[in-house]
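In: heads up, no residue letters with this:
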């Protein structure tokens, strides 16, 4: 562990040029005292690192010690500086390794590129998460990852929230996909690839049996095809009446699939209400989004959705009237 930290410390100094002991301690999540001990260890082993006191001081390497990574164009180096550590990699347990790899590449660049790194990171930041997206709990991700690398069978129990039920099945894990920071397991069952959210897996057991992975299975190609099929599935449609005061904010409530129904603008009835056929991803999505509109929406069809909204409304009223 200390050897890894010494290497990380060395790469940080080489990448940033100069850092204070406190900055190094914050970056490596250790104490300043540990940093000073590590600097002494590096110096004793022959690494020309030194610390200067006072304002503007810090820990640095002598200039001649730096190495150069050749072959990267300025645009390629700038693209490298834009990289951040995606949340899914942290969940897989390889975030620190990815960070170390980027640090080594950055440290090996010429000194003239060091200013480009700071300039780029101050101007571009990549955030792949959705608004108000909470991190889903995926406690069985390590077990699934182990099964993937070893081509071992899994016995998983999956919970279906809509039906409020759980079912158990054996699975041959083909791959993991992180889409919008949400993990999906692609697995084989009876020779047919299937997909489930890892957050829906409530139990996962690594089985002793191994399986033969289909030699022609391409995870990226399968995922793209699966996503196209999923998006092309007939949506859940609801026929609704919308109050005039809700029309300006309707697009924010109904989601991407339903926004196409708002162009061109629908014709209102004498009361100013408009009747629309709104498509949603699912029954639950329709209920969740339409509840947010309160009395500004009336569901006409299907009856099941209308009854579900009534039930939820009665539960809310009953709770707050206690």
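Out: Looks like it arrived, so ask away. Here the structure is a predicted model, which is why all the values come from computation and not from measurement.
In: quick one: pLDDT of residue 173?
Out: You'll see residue 173 listed with a pLDDT of 96.
In: oops, could you answer that again for residue 37 instead?
Out: Reading off the model, residue 37 has pLDDT 87.
In: confirm it sits in a helix?
Out: Yes. Per DSSP: H, G, I helix; E, B strand; the rest coil, residue 37 lies within a helix segment.
In: quick one: it from residue 302, how far?
Out: 69 Å (C-beta to C-beta, to the nearest Å). C-beta: built from backbone N, CA, C; applies to glycine.
In: same thing with residue 201?
Out: Distance from residue 201 to residue 302, by C-beta to C-beta: 31 Å.
In: do the same with residue 28
Out: Separation of residue 28 from residue 302 (C-beta to C-beta): 58 Å.
In: partners of the longest strand seen in the chain in the sheet?
Out: Assignment by DSSP state E gives strand 165-179 as the longest strand of the chain. Paired neighbours of strand 165-179 in the sheet (DSSP bridges): strand 152-160 (antiparallel), strand 182-189 (antiparallel).
In: among these, which is the most enclosed?
Out: Of these, the one with the most neighbours on average (mean count of other C-beta atoms under 10 Å) is strand 182-189, at a mean of 19.
In: ok, residues contacting that strand?
Out: 88, 91, 136, 138, 141, 144, 154, 156, 169-178, 193-199, 201, 211, 214, 219, 222-223, 226 (C-beta atoms under 8 Å, 6 or more residues apart in numbering).
In: could you redo the last one with a cut-off of 6 Å?
Out: 138, 171-175, 177, 193-198 (C-beta atoms under 6 Å, 6 or more residues apart in numbering).
In: what's the farthest-apart pair in those residues?
Out: Greatest spacing in these, by C-beta to C-beta: 138 and 193 (20.3 Å).
In: helix, strand, or coil at residue 209?
Out: Three-state call for residue 209 (three-state DSSP): strand.
In: give me the low-pLDDT residue ranges for the stretch 151-300 of the chain?
Out: The stretch 151-300 of the chain contains residues with pLDDT under 70 at 161-164, 255-265.
In: just the strands in it please.
Out: Using DSSP state E, counting those that start in this stretch, the strands of the stretch 151-300 of the chain run over residues 152-160, 165-179, 182-189, 192-197, 201-210, 236-242, 274-280, 297-301.
In: among these, which comes closest to residue 313?
Out: strand 297-301 (11.2 Å).
In: okay, the angle between that closest one and strand 236-242?
Out: 130 degrees (axes from the mean of the first three to the mean of the last three C-alpha atoms, to 10 degrees).
In: next, the angle strand 274-280 makes with strand 297-301.
Out: Using the same axes, to 10 degrees, one finds that strand 297-301 and strand 274-280 are set 70 degrees apart in direction.
In: follow-up on the earlier one: which one's more surrounded, residue 201 and residue 302?
Out: For residue 201 versus residue 302, neighbours defined as other C-beta atoms under 10 Å are more numerous around residue 201 (22 against 15).
In: packing partners for the longest helix anywhere in the chain?
Out: Assignment by DSSP state H gives helix 303-320 as the longest helix of the chain. Helix 303-320 sits against strand 297-301, with contacts defined as 3 or more C-beta pairs under 6 Å, 6 or more residues apart in numbering; DSSP states H and E.
In: neighbouring strands for the strand it packs on, and are they parallel or not?
Out: According to DSSP bridges, strand 297-301 has the following sheet partners: strand 236-242 (antiparallel).
In: the partner strand: how far from the chain's middle?
Out: 32 Å (C-alpha atoms, centre = their mean, to the nearest Å).
In: with stretch 214-232 instead?
Out: 19 Å.
In: which parts of that stretch are buried?
Out: 222, 223, 226 (16 or more other C-beta atoms under 10 Å).
In: and what of stretch 38-47?
Out: Quick answer for stretch 38-47 (16+ other C-beta under 10 Å): 38, 39, 41, 42, 47.
In: could you break this structure into its assigned domains?
Out: The chain is divided into the following domains under automatic domain parsing: 2-123, 141-231, 236-320.
In: contacting residues around the longest helix of the chain?
Out: 238, 286, 287, 299.
In: repeat that for 7 Å
Out: Helix 303-320 has contacts (C-beta atoms under 7 Å, 6 or more residues apart in numbering) with 238, 283, 286, 287, 290, 291, 299.
In: that helix: how far from the chain's middle?
Out: 33 Å.
In: what's the model's confidence in it, averaged?
Out: 93.
In: what residues sit buried inside that helix?
Out: 305, 306, 308, 309.
In: would you mind measuring from the second one to residue 232?
Out: For residue 306, the distance to residue 232 equals 27 Å [C-beta to C-beta].
In: now swap in the first one and tell me
Out: Computed with C-beta to C-beta, the distance linking residue 305 and residue 232 is 23 Å.
In: and the spatially closest residue to residue 143 that is not a sequence neighbour, how many neighbours?
Out: Distances taken as C-beta to C-beta, 6 or more residues apart in numbering put residue 204 closest to residue 143, at 4.7 Å, once the chain neighbours are dropped. As a burial measure, residue 204 scores 22 neighbours (other C-beta under 10 Å).
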